[in-house]
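Colleague: Pasted the sequence and its predicted model underneath.
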Amino acid sequence: MLGLFLLYGVYTLNATHRLRRYQQVVLARNRADTAAWLRIQHDTDQLSQAVQDMVAATGLRPWRPAPSTAAPGPLAQPGWAVWGLEFHRIRVDLNQALAREAKLAPARRGARRRRRLNLELDQFWSISDEAFRLARLGARREAADLVERELLPQRRELTRMIGGWLKANRRRQTQTEQAVAAIYGGIEREFALLLLALLIVGGALAAWAVRENRRAFARIETLAAQLARRSAELESLNARLLNLQEDLLQSVARDLHDEFGQLLTAAGAMLARAERHCGQPGAEEDVRQARQVVREAQGQIRNLAATLRPPALDEFGLEPALAAYAAEFSRRTGIEVDWLLETPLPPLAPDRAIHWYRIAQEAVNNAARHGRARRIQLRMRAHAGELELAIEDDGCGFDWNAPSAGTGLPGMRQRAAWLGGTVTIGPRSGGVRGTLVSVAVPVAVAARPPAPVTAVQGES
C-alpha cells in the first residue's frame, strides 16, 4: 500500500513537472509577444520622433533651395524627401513587427488589438502620405499644417495606445506568473499533505497489522505449546499403554506356564501312577490317551505363553529370541524363515528388546498372511552408528502407502518411534518381487535405558 502511495506521488510530480514545462513554453511565448510589442513601441517612438523633427525642421522656417543651375521642382525639397525615406523605413519595420506579434498573440485579444492598431496606422499613413504628396506638389506650408494639425495628434494617440497595451500586457504577464506559481505551490503543498496523510494512515495500518500478527503468532505459539504438551502426554500414555500391555502379556504367560502347567503336570503324574496300579482290561489304554491329551495341552500352553511373552527374550536376550521365533514359525507354518545376525549387537534392555521383537513378529506375520510369501529373511546389524533390522520376503507385496485399517503397521511405527527410530516399508531393491521392512534406530538411543514413564497430569 505504501508502495502504491509512492508510485502515485511520483506520477503526480511528473505530471506537474510536464504541466510546468508547458506553462513555461506559454510564458516564453507571452514574453516573445511582449518583445514584439516592445519593437512596435520602439517603431512608434521613432515615428513620433521623426514627426517632431519634421515639424521642427519644416514648420516655420522659410524654404531656401540649394544653389543649383537647374530650376528646383516639387520633389527637390531635401527635407521632405529625407523624412519620406525615414517614414518608409519605419513603416516596413513596423509591419514586420506586427506580423510577428500576430503569430504570438492570443487569438481573441490579439485580433482586437490588431484591428484597432491597423485602423490607427491606416489613418496615420493616410495623413502622412497626403502631407508628402502636398510637399511634392510644392504646397510646403499646407503639408506642414496638415502634419501639425492631424499627424501629431495621431502620433500621440498611437504612442499612448501602444504604451497602455504594453503596460497592461506586462501587468497581466506578471499576474499570470504569480497565479501559476501560486497554483503550483498549492498543488505541491496539498499533494505533500495528502501523501503525508496517506503515509500516516498506511503506517498506522501497518503497525496495527504487525501488532495483530504478533498477537496471532503469540496465540499460535501458545496453541502449539499446548499441542506439544498434549502430544507429549499422549506419547507418555502410549508408552505406558505399551508397557502395561507387555506386563499384562508377561503376567498371563507366567500364569499359564506356572499355574496351568503345574496343574497339568500333576494330572499327568497322577495318570501315570494310576496306569501302573490299574490292572483292569482296557484301563491302560484310557489312561494312555488321557496322558496324550495332557501332553498336547501342555504343548499348546507353552506355545501360547511363548507367543504372549517369549521366555527366551527375558532369559537369553533379543538374538536367541528372534532365532527361536524364526525356527518355531518355520515349523508351524512351513514357510522358510532365515535369521541372520550380521554384527554383534549392543546390550538392549528388556523394555526395549521387546519392541524389536514385536516389530519383527508383526512384519513376519504380515508377509505370511498378506504377502503370501514362501521365504522370509530376518537380518539385524549395527552399521554406521545405527542399529538396523530388515525383514525381507518374496511375496506379492502390498500398497504400503495406503492407509491401514488394522493396528499392525501403526503399531510398528509407534514402537519404532518410541525406540527413537523410524520404519521404512517398500519394495525390494533391484526390481525383485517382494517387500522390505527396515527399522533404523541410532545406536546411542537404542542402547540407552528407557526413561521411566511418569503419570500424566491429572492421574493419581
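Modeller: Received it, and whenever you're ready, just let me know what you need. Numbers count the residues shown, from 1 in each chain.

Colleague: Show me what the helix ranked longest in the chain is packed against.
Modeller: Secondary structure of the chain per DSSP state H: the longest helix is helix 152-255. Packed against helix 152-255 by the contact rule (3 or more CB pairs under 8 Å, 6 or more residues apart in numbering; DSSP states H and E) you find helix 2-58, helix 107-136, helix 283-308, helix 350-369, helix 408-419. To be clear about C-beta, it is placed using only N, CA and C from the backbone, and glycine gets the same treatment.

Colleague: Please parse the protein into its domains.
Modeller: Split into domains by automatic domain parsing, the chain comes to 2-61+76-205, 317-453.

Colleague: Who are the contact partners of His383?
Modeller: 342-343 (CB atoms under 8 Å, 6 or more residues apart in numbering).

Colleague: Is it bridged to anything, and to what?
Modeller: Beta-bridge pairing of His383 under DSSP bridges involves Glu386.

Colleague: Low-confidence stretches in the stretch 51-200 of the chain?
Modeller: 52, 54-80, 104-111, 113-114 (pLDDT under 70).

Colleague: one more time with 50, if that's ok
Modeller: Across the stretch 51-200 of the chain, the ranges flagged by pLDDT under 50 are 59-78.

Colleague: Gly426 - that's part of a helix, no?
Modeller: No: remark: Gly426 does not belong to a helix; assigned using DSSP: H, G, I helix; E, B strand; the rest coil, it is strand.

Colleague: That one and Glu392: what is the separation?
Modeller: In this structure, Gly426 and Glu392 are 11 Å apart, going by CB to CB, to the nearest Å.

Colleague: Find me the pLDDT at Asp258, would you?
Modeller: pLDDT, Asp258: 66.

Colleague: what's the answer for Ser460, then?
Modeller: Ser460 is assigned 28 on the pLDDT scale.

Colleague: Taking their axis directions, the longest helix of the chain and helix 2-58 sit at what angle?
Modeller: Angle between the axes of helix 152-255 and helix 2-58 is 170 degrees (criterion: axes from the mean of the first three to the mean of the last three CA atoms, to 10 degrees).

Colleague: Just want the angle from helix 152-255 to helix 350-369.
Modeller: Interaxial angle, helix 152-255 versus helix 350-369 (the same axes, to 10 degrees): 90 degrees.

Colleague: re the thing from before, shared neighbours, Gly426 and Glu392?
Modeller: Both Gly426 and Glu392 are in contact with 435-436, where contact means CB under 8 Å, 6+ apart.

Colleague: Those two: which is more packed in?
Modeller: For the pair Gly426 and Glu392, the greater number of neighbours falls to Glu392 (21 against 12), based on other CB atoms under 10 Å.

Colleague: thought that one was touching Val432?
Modeller: No: contact criterion CB atoms under 8 Å: Glu392 and Val432 do not qualify, at 9.2 Å.

Colleague: if we can go back for a sec, and Leu223, which of the helices and strands packed on helix 152-255 is closest to it?
Modeller: Minimum separation from Leu223 across the helices and strands packed on helix 152-255 (CB to CB) falls at helix 408-419, 22.9 Å.

Colleague: So which elements touch the closest one?
Modeller: Using 3+ CB pairs under 8 Å, 6+ apart, helix 408-419 sits against helix 152-255, helix 350-369, strand 422-427, strand 435-442.

Colleague: what distance separates the longest one from the centre of its chain?
Modeller: Counting by CA atoms, centre = their mean, to the nearest Å, helix 152-255 is centred 15 Å from the centre of its parent chain.

Colleague: Tell me who's in contact with Gly9.
Modeller: Here Gly9 is in contact with 191, 195 (criterion: CB under 8 Å, 6+ apart).

Colleague: Need the pLDDT of it.
Modeller: For Gly9, the pLDDT comes out at 73.

Colleague: Helix or strand: which one has Thr343?
Modeller: Thr343 belongs to no helix or strand when assigned by DSSP states H and E.

Colleague: So what's the residue count around it?
Modeller: Applying other CB under 10 Å, I find that Thr343 has 10 neighbouring residues.

Colleague: Give the closest residue to it in space, chain neighbours not counted.
Modeller: With sequence-adjacent residues excluded and distances taken as CB to CB, 6 or more residues apart in numbering, Thr343 is closest to Arg381, at 4.4 Å.

Colleague: which SSE is that neighbour in?
Modeller: strand 375-383.

Colleague: Off-centre distance for that strand?
Modeller: 51 Å.

Colleague: Contacts only, for the closest residue in space to Pro320 that isn't next to it in sequence.
Modeller: In this structure, Pro320 finds its nearest non-sequential neighbour in Ala312, 5.0 Å apart by CB to CB, 6+ apart. Going by CB under 8 Å, 6+ apart, Ala312 touches 320-321, 324.
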